[in-house]
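**Student:** Let's see this in three dimensions:
(2 chains)
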Amino acid sequence: MTEERGLFMHPHIDEELDSGKRLEKVVDLIEIAGGLPSSTVLVVGGHRIEDLRLVESARDHGIVDRIILVGMKNRITKAIEEVGIEIDQKDILPADNDEQIARATVEFIKTGGVDIVLKGAISTPIINRNMLPLAIRSTVSLATVFDAASIAGGRPILLTDAGVTTVCNFGRIQDLVRNAVDVARTVMGIDRPRVALLSANEKQIPSLPSTWIGLETAKRSWPDAVVCGPLSFDLATDPESVSIKGLPDVPNAAEVAGRADVLVCPGIDTANTLYKTISAMNKYGEASLASITVGFPMPYIILSRSDSLETRLVSVALSAVYVQRSLQKHVTPQPAAAAAAVSKAYRVLAVNPGSTSMKVALYEGDRCVQQDEVACEIIVGGTAAQRNIQAEQLTGQVLNLLDKWKEENIDAVAARGGFMPRPAEKLSGGSYLVAEKCDGRIIVDETIVSAVRDHPEREHASNYGAPVAAMLAQKLVVPALVVDPVVVDEFSPEAEVSGYEPIVRRSTSHALSIRAAARRASQDIGRPLEEINLVVAHLGGGITVAAVRGGKIVDNNIALLGGGPFTPQRAGDLPTGELVDLCYSGRFTRDELIAELTKKGGLQSYLGTHRMEEIEQQIAAGNKRASLAVDAMVYQIAKEIGKAFVAAGCDVEAIVLTGGLTYSKVVRETLRRRIIRLAPVIVYAGSLEMAALAAGAIDMLSGRQTPNRYKASSSVDTSRNIGGTNI
Amino acid sequence: MNKTERNHWVFRAHVLDRSGALTSIASAFSNEGVSIDTVVGHGSEFLAGTDGSVVLTFCCSEEEKDKMVRKVRRLSKVTRLEEQPYESQSLRKSAIILTNRELKPIDVVGERAFLTSELVKSNANGWTYLLAGSPSDLDPVLERLETGGIVKDIIYSVLSL
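**Tutor:** The predicted structure follows:
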């Protein structure tokens, strides 16, 4: 604690930098909402008398103009008659039970036109389960705005999260701050809210997670808020306590201590207890409060049965103010310069060769306008001449596809990078130039093409990416590049140490997918990739679980035979002793054993199939062996995520899951349950690779990024080539 | 006074922006399920955007009245609140009534005191009187006169502090 007893002052405590008018009292929201355009409210389970009286009262105040009721028609009609409320017949959406009511609600929301959703007489788990897929943020949270005569001089304060977020890990707390700041700015009229991360103590106590989560959160840059923590409740809200105790030695204490606008509680228990205390004060007439659930496309109001009528009405008003002011913000025209910057939609041909097929897609900006997967049999190995012939055949297939699509005017070609030999300096993530355009001519960088074609670190279909891109570049007279090759290596020094001196851990990963998912998560979270830490798991035929710190993949399981969880076809980590015995058992040659462990391992070895649809059918039919095998795979993936969580520094913003396996509901949901306590889980089902290839080329064309140039090592070690494998 | 017994109360709220204040005061009462009986605006004009005071009367228990005091005092547009029982002798109420006969002194005896009464005019329609006193004196007198069929019309009545 800094010794400033008696000296602490807030010279500018009343001087706000807010552009709009600051909310004075929570109940003023009723009048404010009445002065804004009216909203459409949908009541889920709309036959409860008190809900109808509430929305009618909101309509009387000019907050709401259209009321849509979803539920059992006869009960709704009876309730309407009893209350004497006027509802247009077309605004009654009939449904017979809670499941149908929830589904009808979600379908109607998807059509647009609903500003506020109010949960009425419907089972909370059922409606929440149906609503959750609509979430547009990684964390859905409850924000409560209150004023209480005995707290902070009765000025409004935002409290979060008293009702939704049950697990408050580091990433979730960041999301709670973001959601709360959004509401404070939009509804309370505070341009740069002062946020206090509550804890029982301001000092770092290892056994009290809220102290270090608070400190790490406060240390980050928050452009729209001043964040301070850890802070106890009195030091957050009471200037007199700060005067007596002195300023705590935590970031931004001078600005936030004693005058916080937002209180982020370390967990739902604290927040809920505070909420109920304020509720009790409300019933005594000493406080007002209103709540909003954010994270969906529109505010979602879940009221407690014990909430007062005032709380219920002000909650509708709070939601209306939030939605109407958000709409006003979104229709603000973009500056002309910004609009011009995005006007050029580059057309990129993306090529991703695999062992049995080649994916080809045409992107116009970030929109995929054409895509196809052409069958091809890529033969790995062979002489340089044979490889060249193979590359020419693949190039011909792509050009045929362009003819079939009747597509011209390509601006660039982007291909998947292969196992290019590792140069002396580690390969950083990003794009590598394959061909560039100079004075109307195409100049191919033969260093990268010949290195990956003739001396790859390992044989793999993706090694044809650069040669095919080079040939296409010459035919189409456009530049070409490869993006995030599998040998991208950004390992931290300690991650390189294997535990046996002659063996160095070198990264081999699904770098393209990992980095694309990380970039997208950073956009969705709303923070620069360089400022956040993530765990990203590519779950496909191969599995890479990576720790991404500040945009760099600092550690991952070596996806190719290097360990990690088993996959549908790969064995993953095996006990070393038994593996050595297997090597010397005489049952396999070297290549056969590699094929055995990469094609006949994993689920394939236990169940005789690696196809998840088939396995899910077996589980649904009660096959316990199938169930155990999938459980075990998920368990191993979760353990790997735990390792990456530590490698990322524990202050992980989110765990991102991507790849084809995430289409499996069994895998997705059981994995989510195992890891949810670590950090918020974001799922990007399917593959992001083709879009990532296009994005890499567009970054180059638009000048946002300069592609790297591959520098071959003076001596290429071809002895490490161990034959055909998949990644 | 029993805390749960229903009584008649008077609030005088000094407010900023009277029409806005009235909305929030009315909303506060409505949300607590307490009905406002009468509302009187004080000042030269009872217009939106003007500051002044609002007087209102309502019936509820003392406990509920105390809660309303706390709630109304916390409203952003209320700068000061005075509250009194309706029976308070410091309150004044006036009424102009039309009667079908001349009033006698016994007609204007209140619960605690005589009302002030003044004959304003008399004609073929009847006798017009101005009556004034505390509400607790005036209201029973008016009720008695009405019940007795003496009052033809209550032309105007106003509460003041």
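**Student:** show me the contacts for residue A:524.
**Tutor:** Residues near residue A:524 by Cβ atoms under 8 Å, 6 or more residues apart in numbering or on different chains: A:137, A:138, A:682. Glycine gets a C-beta too; all of them are placed from N, C-alpha and C.
**Student:** Against chain B, how distant is it?
**Tutor:** 38 Å (Cβ to the nearest Cβ, to the nearest Å).
**Student:** is it fair to say that residue lies in a helix?
**Tutor:** Yes: assessed with DSSP: H, G, I helix; E, B strand; the rest coil, residue A:524 lies in a helix.
**Student:** would you turn the contacts of residue A:524 into TSV with distance to chain B and pLDDT?
**Tutor:** Converted to TSV, those look like this (distance: Cβ to the nearest Cβ, whole Å; pLDDT from 0 to 100):
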residue	distance to chain B	pLDDT
A:137	32	86
A:138	36	82
A:682	41	91
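**Student:** what's the pLDDT at residue B:153?
**Tutor:** On the pLDDT scale, residue B:153 is placed at 92.
**Student:** What does it show for phi and psi?
**Tutor:** phi -160, psi 140 (degrees, to the nearest 10).
**Student:** Does it touch residue B:98 like I think?
**Tutor:** Yes: between residue B:153 and residue B:98 there is a contact under Cβ atoms under 8 Å: 4.4 Å.
**Student:** Mind checking which of those two has more residues around it?
**Tutor:** Remark: of residue B:153 and residue B:98, residue B:98 carries more neighbours, 17 against 14, as counted by other Cβ atoms under 10 Å in any protein chain shown.
**Student:** Kindly format the C-alpha coordinates of the one helix or strand the more buried one maps to as PDB.
**Tutor:** If you go by DSSP states H and E, residue B:98 is part of strand B:92-99. Output of strand B:92-99 as PDB, limited to C-alpha atoms (Å, rounded to 0.1, in the frame of the first residue of the first chain):
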ATOM      1  CA  ARG B  92     -54.500  24.500   4.000                       C
ATOM      2  CA  LYS B  93     -57.300  23.600   1.700                       C
ATOM      3  CA  SER B  94     -59.700  26.000   0.000                       C
ATOM      4  CA  ALA B  95     -63.000  25.200  -1.800                       C
ATOM      5  CA  ILE B  96     -65.500  27.300  -3.700                       C
ATOM      6  CA  ILE B  97     -68.900  25.700  -3.400                       C
ATOM      7  CA  LEU B  98     -72.500  26.500  -4.600                       C
ATOM      8  CA  THR B  99     -75.200  25.700  -2.100                       C
END
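**Student:** I'd like the mean pLDDT over the next helix or strand after that strand, please.
**Tutor:** Sequence order places strand B:116-123 as the next helix or strand after strand B:92-99, per DSSP H and E. Across strand B:116-123, the average pLDDT comes to 92.
**Student:** what sits up against strand B:116-123?
**Tutor:** B:96, B:102, B:103, B:108, B:127, B:128, B:129, B:130, B:131, B:132, B:133.
**Student:** any idea which helix or strand comes after the least confident helix or strand in chain B by mean pLDDT?
**Tutor:** Within chain B, no helix or strand scores below strand B:36-42, which has a mean of 77 by mean pLDDT, DSSP states H and E. Remark: after strand B:36-42, the chain's next helix or strand is strand B:52-61, criterion DSSP H and E.
**Student:** how about that following strand, does it reach chain A?
**Tutor:** No: shown here: strand B:52-61 not in contact with chain A (Cβ under 8 Å from any Cβ of the partner chain), separated by at least 12.4 Å.
**Student:** Now do the buried residues in that strand.
**Tutor:** B:52, B:53, B:54, B:55, B:56, B:57, B:58, B:60, B:61 (16 or more other Cβ atoms under 10 Å in any protein chain shown).
**Student:** Same question for stretch A:605-616.
**Tutor:** Buried residues in stretch A:605-616, defined by neighbour count with 16+ other Cβ under 10 Å: A:605, A:606, A:607, A:610, A:612, A:615, A:616.
**Student:** what about it, how long is it end to end?
**Tutor:** 16 Å (Cα to Cα, to the nearest Å).
**Student:** For that stretch, what does the pLDDT average out to?
**Tutor:** 94.
**Student:** got it, and stretch B:7-25?
**Tutor:** 87.
**Student:** gap between residue B:34 and residue B:27?
**Tutor:** 12 Å (Cβ to Cβ, to the nearest Å).
**Student:** now swap in residue A:683 and tell me
**Tutor:** 44 Å.
**Student:** Same check on residue A:91?
**Tutor:** Residue A:91 is 26 Å from residue B:27, by Cβ to Cβ.
**Student:** Equivalent analysis for residue B:141, please.
**Tutor:** Using Cβ to Cβ, residue B:141 is found at 35 Å from residue B:27.
**Student:** hmm, back to that, show me how far the strand holding residue B:98 is from its chain's centre.
**Tutor:** Centre-to-centre, strand B:92-99 and its host chain are 12 Å apart (Cα atoms, centre = their mean, to the nearest Å).
**Student:** most remote residue from the chain's center?
**Tutor:** I went with chain A, as the question did not name one. residue A:586 (47.3 Å; Cα atoms, centre = their mean).
**Student:** my question was about chain B
**Tutor:** Within chain B, counting by Cα atoms, centre = their mean, residue B:124 lies farthest from the centre, at 30.8 Å.
**Student:** tell me which parts of chain B are close to chain A?
**Tutor:** Residues of chain B lying near chain A (Cβ under 8 Å from any Cβ): B:20, B:23-24, B:27-28, B:30-33, B:66-71, B:74-76.
**Student:** Give me the contacts around the strand holding residue B:98.
**Tutor:** So strand B:92-99 is contacted by B:120, B:125-135, B:138-139, B:142, B:145, B:150-161 (Cβ under 8 Å, 6+ apart).
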